[in-house]
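Q: Got a predicted structure plus its sequence, pasted below:
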Amino acid sequence: MAKKIKSPTLSASVVKRSVSQTRKDIADWNNAKAAATRAERPRFALLQDIYDSIADDALLASQVNNRMQRTIAADFGLVDRGGKPDPKATALLMEAAPMHDIITAVLESVFYGYSVLELGTENGIRKAFALPRRNIDPANGVFYPDAFGNAAIAYRQTSEYGRWLLEFAAGGLGVFNKAVPHVLFKRFAQSCWSELCEIYGIPPRYIKTNTTDAAMLDRAENMLRDMGAAAAFVIDTNEEFQFAQGVSTNGDVYANLIRLCNNENSLLISGAIVGQDTENGNYSKEESAVRMLEQLVNADRRRVEAAMNTAVLPALAAIGWMPETRCAFRFSAADDTDRLWQITKELLPYKEVDNKWIADKFGVPVEDKDFGQALEARADFFV
């Protein structure tokens, strides 16, 4: 059996490099895709840098977090072959590895295309170290300590793969590849709209002067530059100051483009426009949108369950972090409490419902009524 204590090796060998913060455009995206999909020695650094950049978009981050947190916050456990929960095995699993980091890596592989974790210990604490995606070639199973260097490690051929190294791949370039153009166009529209606001608020100004006289021309330029937003100024009698015709639009074209980009990304991540269209929204539309999101969340949970049962649990047993088990990882089924309460109320006149079950399920402490005291009170009332 492998040692239970092991320091990370691949994650410790990563060469840190500065990432360009210049504004990305469609040409950068096309170049990054070409580098990631070429037949020989594909590199994913440029594409993953663009993914990290668009992940800062407020709406995209909100949609992704809304979808992921529904799975991360869900209850889970190990069940035996009969489907009965095993609390002891579940407790061992929670102690064995950082489950939050592992589940997050599986979910992020849907958006980024892949995730690679290295299990190890740091200061005696078991951790899951995420290898930088920009340093990985998932097509050939190669890890580059320097994202733009030539030194490479075929991590799938090492003895640590499947034990200390865990890989989760969703296939393709990930969902973020489809979101890139919408975020880039949205940023372009926001930039143009901000410039329009500046022009719309302060109309262009110009001075008529003698352009053949260098001194007068320099003075006019300095005057316009120093004037700023001042409401009063002094000019020569030979000069004329006027305001140019300002723009007649309020930016509807940019607002429509931003709205389109937001809606496209919402459809991509959540399967519907959830909680955005306040002008045309209604309860039934939001309800159907949430149901569509729940279908994607259920698919995410099935993906996590498959990864845990086929890769994570065998790896934890192989490295000695937890004993081998025949149990399977499962998310707990979420109860529709509204529907369940309605059924419970309809059963109460005809069946006995356990008080403890009601308190545990709905959080309402209940006790049986003393009908004898109630009848005595009614009898005293008519005396």
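A: Nice, I can see it.
Q: low-confidence ranges in this structure?
A: Applying pLDDT under 70 to the chain flags the ranges 1-5, 7, 198-206, 210, 224-251, 274-286, 334-340, 350, 360-363, 369-383.
Q: centroid residue for it?
A: V64 (3.0 Å; C-alpha atoms, centre = their mean).
Q: Specify the local secondary structure of it.
A: Applying DSSP: H, G, I helix; E, B strand; the rest coil to V64 yields a three-state assignment of helix.
Q: so it makes contact with S270?
A: No: using C-beta atoms under 8 Å, V64 is not in contact with S270; the gap is 9.2 Å. No exception for glycine: its C-beta is placed from N, CA and C like everyone else's.
Q: re earlier: identify the residue spatially nearest to the residue nearest to the centre of the chain, adjacent ones excluded.
A: I269 (5.8 Å; C-beta to C-beta, 6 or more residues apart in numbering).
Q: if we can go back for a sec, quick one: the residue nearest to the centre of the chain from D56, how far?
A: Per C-beta to C-beta, to the nearest Å, V64 is found 11 Å from D56.
Q: S115 too?
A: 19 Å.
Q: re earlier: unless I'm mixing things up, the residue nearest to V64 is touching G174, no?
A: No: in this structure I269 lies outside contact range of G174 using C-beta under 8 Å: 11.8 Å.
Q: if you count what's nearby, which of these two comes out ahead?
A: I269 (27 against 21; other C-beta atoms under 10 Å).
Q: so the more buried one is in which element?
A: I269 belongs to helix 252-270 when assigned by DSSP states H and E.
Q: Strands along the chain, start to end?
A: All strands of the chain, identified by DSSP state E, fall at 76-79, 114-122, 125-130, 136-137, 142-143, 153-154, 165-169, 205-208, 240-243, 328-331.
Q: wait, which of those is closest to A255?
A: Of all the strands of the chain, the one in closest proximity to A255, counting by C-beta to C-beta, is strand 240-243 (25.9 Å).
Q: Relative to D25, how far out is V180?
A: Computed as C-beta to C-beta, the V180 to D25 distance reads 10 Å.
Q: Mind checking which of these two has more residues around it?
A: Comparing V180 with D25 by other C-beta under 10 Å, the one with more neighbours is V180, at 22 against 12.
Q: How about the more buried one: what's its closest non-neighbour residue?
A: Nearest non-adjacent residue to V180, counting by C-beta to C-beta, 6+ apart: W29, 5.2 Å away.
Q: Can you give me the neighbour number for the one you found?
A: Quick note: W29 (other C-beta under 10 Å) scores 18 neighbours.
Q: I50 versus that one, what's the distance?
A: 6 Å.
Q: Need the residues touching each of those two.
A: Both W29 and I50 are in contact with V180, where contact means C-beta atoms under 8 Å, 6 or more residues apart in numbering.
Q: which residues touch the closest residue to G172 other than its chain neighbours?
A: Using C-beta to C-beta, 6+ apart and skipping residues adjacent in sequence, the residue nearest G172 is G113, 6.3 Å away. G113 is in contact with R133, P138, A169, A170, G171, G172, L173, G174, F176, N177, counting by C-beta under 8 Å, 6+ apart.
Q: my guess is the third one meets Y114, correct?
A: Yes: taking C-beta under 8 Å as the definition, A169 is a contact partner of Y114 at 4.3 Å.
Q: Now do the shared contacts for the two.
A: Shared contacts of A169 and Y114, counting by C-beta under 8 Å, 6+ apart, come down to P138.
Q: More neighbours: which of the two?
A: Y114 (24 against 15).
Q: Would you agree L267 is in contact with L260?
A: No: using C-beta under 8 Å, L267 is not in contact with L260, being 10.7 Å away.
Q: Buried residues, stretch 82-100. List them.
A: Using 16 or more other C-beta atoms under 10 Å as the test for burial, stretch 82-100 gives D86, A89, T90, L92, L93, A96, A97, P98, M99.
Q: Ok, stretch 55-69 next?
A: A55, D57, L59, L60, S62, Q63, V64, R67, M68.
Q: Equivalent analysis for stretch 291-304, please.
A: Neighbour-count burial for stretch 291-304 [16+ other C-beta under 10 Å]: L293, L296, V297, D300, R301, R303, V304.
Q: Return the closest of those with respect to T121.
A: Nearest member of the buried residues of stretch 291-304 to T121, counting by C-beta to C-beta, is V304, at 23.8 Å.
Q: Excluding chain neighbours, what is closest to the closest one?
A: Using C-beta to C-beta, 6+ apart, the closest residue to V304 is V106 (5.0 Å).
Q: With A170 as the reference, measure out to that neighbour.
A: Distance, V106 to A170, using C-beta to C-beta: 9 Å.
Q: which residue ranges form the helices in the stretch 201-350 of the chain?
A: According to DSSP state H, counting those that start in this stretch, the stretch 201-350 of the chain carries its helices in the segments 214-227, 252-270, 283-307, 313-318, 337-347.
Q: Now V175. Nearest residue, chain neighbours left out?
A: Closest to V175 by C-beta to C-beta, 6+ apart is F111, at 4.8 Å.
Q: how many neighbours does that neighbour have?
A: For F111, using other C-beta under 10 Å, the count is 21.
Q: residues touching it, list them.
A: So F111 contacts Y51, V64, G174, V175, F176 (C-beta under 8 Å, 6+ apart).
Q: what does D86 give?
A: G77, L78, V79, D80, C327.
Q: Over to L166?
A: I102, A105, V116, L117, E118, L119, A128, A311, V312, A315.
Q: out of the residues you listed, who's nearest V14?
A: Looking across the contacts of L166 and measuring by C-beta to C-beta, the closest to V14 is E118, at 10.5 Å.
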